[in-house]
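1. Let's see this in three dimensions:
(one chain, ligands or ions: 3)
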Amino acid sequence: MLLNGSHGSEQRVVELFNYIDTHQDEFVQDLKDWVAVSSDSSDPLLREDLSNMVEIAAKSIRALGATVKLVNMGEEKLNDGRNIPFPKAILAELGNNSSKATVCIYGHVDVQPAKKEDGWNTDPYNMTEINGDLYGRGAADNKGPVLAWINAVKTYKSLNQEIPVNLKFIIEGVEETGSPGLEDLIKAHASFFSDVDYIVISDNLWLSRKPALTYGTRGSAYFFIEVEGGTKDLHSGTFGGIIHEAMRDLIYLLANLIDSSGHILIPGIYDDVAPLTEEERKLYEHIDFDLEEHQNNSGVNTFLYSTKEEILQHLWRYPSLTIHGIEGAFSGPGSKTVIPSKVIGKFSIRQVPNMKSSVVQKQVTKHLEDVFAKLKSPNKLTVSMIIGASPWVADVNDPQYAAARNAITKVFGVTPNMIRDGSTIPLARIFQDLTKKSVMMLPIGDADAGEHSQNEKISRSNYIQGTKLFATFFLELSKVHEELMAKNHPSVGN
Ligand SMILES: Cn1cncc1C[C@H](NC(=O)CCN)C(=O)O
Ligand SMILES: [Zn+2]
Ligand SMILES: [Zn+2]
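-> Ligands and ions are numbered 1, 2, ... in the order given. Next up, the predicted model:
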């Protein structure tokens, strides 16, 4: 029998916080155990550990007393024609009290690749605490936040305190490859999501030391440029000088995507970008952002822009184009003298409102075909968009933003830094479009978390205070929801 709020809510919060503080080493050990699983989703043929990670997460959520289902996310078609099933996703629910708000927590347990020799100071899969920071791949993105949600629920259960909201979880294992199959999954399980009132995501970073609340992300249109010159690799002595080399064509194409000032060269790419209004421009003044600190965190010594406004606008509300790599080209140590027969250039465009993936795909394809035509090359060009994730922007007047603001103030004693994020969380826009429900991002990642980079970390403070934030958010959301219900259904209220 759960004590249902036998103390005032203040007393409950004190109990929750004390429990979280006294059990923080357990929570840190849990994160170390999760980080130890190299759940890298980038190579479809190396996802053994990833499936294991999904099972471990399912077990942890089941231990909360939740009903847990592992559901299919479809298959990945490989270049060689094989179809590999994506790792399953977790759909879980805990509580279905019709008088309570139902909040669905999204997260992912897959990670980006990481090898010690990439330049890590510690073993990326052996989480190491140094000066209060917990270093390991996935510590911030996204295993720390997912565990912080689980810790928050575990705290209520351990204290026999009633959880103030109904909970649902959707945890996937392929977010770092752009969440393929997620849209179909949400459509296939529409009934699971039909009674969800709020979606909350914690897969982002603060922008400074000030706790943040995120109301927008950029999308991602990810492209492969394939240039095929022949049926096999050739000796550059025996054949070099008499053939049109695929690599040379590809480098020329890549060089025509973006100029040195960061301007994207694809005709029409800026046409649909929402114009900057005076109202939006004013928002940037209040944002807590230390340009120098951000530069130090980045490890580069100059940015393309020199003011806070320009930098934030070009991270959040203007598109960017990044060239990521070339598959099929020689990149190992030593000096192999081969002419690669087929090379695949990979780049992505971070899309912003009101760009559309379908329009960007046409613009990119036409541009590359026009540039390629100038080369008069006999090689074969194939342009494909393998991810088309849309940008997402929320209405900060959504009720759950008020709840999150209250929770941040309660835990950190400050009002939140209202920010957007330059990265992409495909679920946000998919869920917003499919269900028309409120989506919010409540980050606990440190500004210098180094997600996707060497030496990724989450500070013990952000991980533990973040657990308190999530526990408090449940309470604050239940209050906001109750007020909302009373306002919309006065008879129910009294
Ligand atoms: C879109 N896409 C393509 N490959 C990976 C992604 C998602 C990835 N998302 C995040 O990292 C969320 C922030 N932690 C990104 O934005 O690169
Ligand atoms: Zn990530
Ligand atoms: Zn992430």
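2. which SS class is residue 15?
-> Of the three states, residue 15 takes helix under DSSP: H, G, I helix; E, B strand; the rest coil.
3. Give me the nearest residue to it, chain neighbours excluded.
-> Spatially, and ignoring its direct neighbours in sequence, residue 15 is nearest to residue 159 (5.6 Å; C-beta to C-beta, 6 or more residues apart in numbering). C-beta: built from backbone N, CA, C; applies to glycine.
4. what do you get for residue 428?
-> Using C-beta to C-beta, 6+ apart, the nearest residue to residue 428 is residue 392, at 3.8 Å.
5. gap between the one you found and ligand 3?
-> Plainly put, residue 392 is 14 Å away from ligand 3 if you go by C-beta to the ion, to the nearest Å.
6. what about residue 227, how many neighbours?
-> Neighbours of residue 227 under the rule other C-beta atoms under 10 Å: 29.
7. beta partners for it?
-> residue 343, residue 381 (DSSP bridges).
8. where does the closest residue to residue 129 other than its chain neighbours fall, phi/psi-wise?
-> Closest residue to residue 129 apart from its sequence neighbours, by C-beta to C-beta, 6+ apart: residue 460 at 6.8 Å. Dihedral angles of residue 460 (phi, psi; degrees, to the nearest 10) stand at phi -60, psi -40.
9. List the contacts of residue 460.
-> By C-beta atoms under 8 Å, 6 or more residues apart in numbering, residue 460 lies in contact with 24, 28, 129, 132, 133, 134.
10. pull the CA atoms of stretch 126-133 into CSV?
-> Taking C-alpha atoms only, stretch 126-133 is exported to CSV below (Å, rounded to 0.1, in the frame of the first residue of the first chain):
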residue,chain,number,x,y,z
ASN,A,126,35.1,1.8,-18.4
MET,A,127,33.4,4.9,-16.8
THR,A,128,36.0,6.7,-14.7
GLU,A,129,35.3,9.5,-12.2
ILE,A,130,37.8,12.3,-12.2
ASN,A,131,37.2,15.5,-10.2
GLY,A,132,33.5,14.9,-10.1
ASP,A,133,33.1,14.1,-13.8
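11. and it, how far out from the chain's middle?
-> 23 Å (C-alpha atoms, centre = their mean, to the nearest Å).
12. who's in contact with it?
-> With C-beta under 8 Å, 6+ apart, stretch 126-133 has contacts from 28, 31-32, 35-36, 122, 134-136, 139, 457-461.
13. again, only this time at 7 Å
-> Residues outside stretch 126-133 that contact it (C-beta atoms under 7 Å, 6 or more residues apart in numbering): 31-32, 35-36, 122, 134-136, 139, 457, 459-461.
14. from those, which ones fall inside strands?
-> 134, 135, 457, 459 (DSSP state E).
15. Report the two of those residues separated the most.
-> Maximum pairwise distance in the ones in strands among the contacts of stretch 126-133, criterion C-beta to C-beta, is 10.3 Å, between 135 and 459.
16. buried set for stretch 478-494?
-> Judged by neighbour count (16 or more other C-beta atoms under 10 Å), stretch 478-494 contains these buried residues: 478, 480, 481, 482.
17. Now do it: everything it contacts.
-> 100, 101, 164, 165, 197, 399, 402, 403.
18. Of those, which is the most crowded?
-> Result: residue 403 is most packed of these (other C-beta under 10 Å), 27 neighbours.
19. show me the residues around it that make contact.
-> 473, 476, 477, 480.
20. Which of these fall in helices?
-> 473, 476, 477, 480 (DSSP state H).
21. Name the nearest residue to the third one, sequence neighbours excluded.
-> The shortest distance from residue 477 to any residue other than its chain neighbours is 4.1 Å, reached at residue 403 (C-beta to C-beta, 6+ apart).
22. For the host helix or strand of that neighbour, list every residue counted as buried.
-> Assessed by DSSP states H and E, residue 403 sits inside helix 399-412. Residues of helix 399-412 classed as buried by neighbour count (16+ other C-beta under 10 Å): 399, 400, 401, 402, 403, 404, 405, 406, 407, 408, 410, 411.
23. same check, this time on stretch 305-324
-> 308, 311, 312, 313, 314, 315, 316, 317, 318, 319, 320, 321.
24. All set now, cheers.
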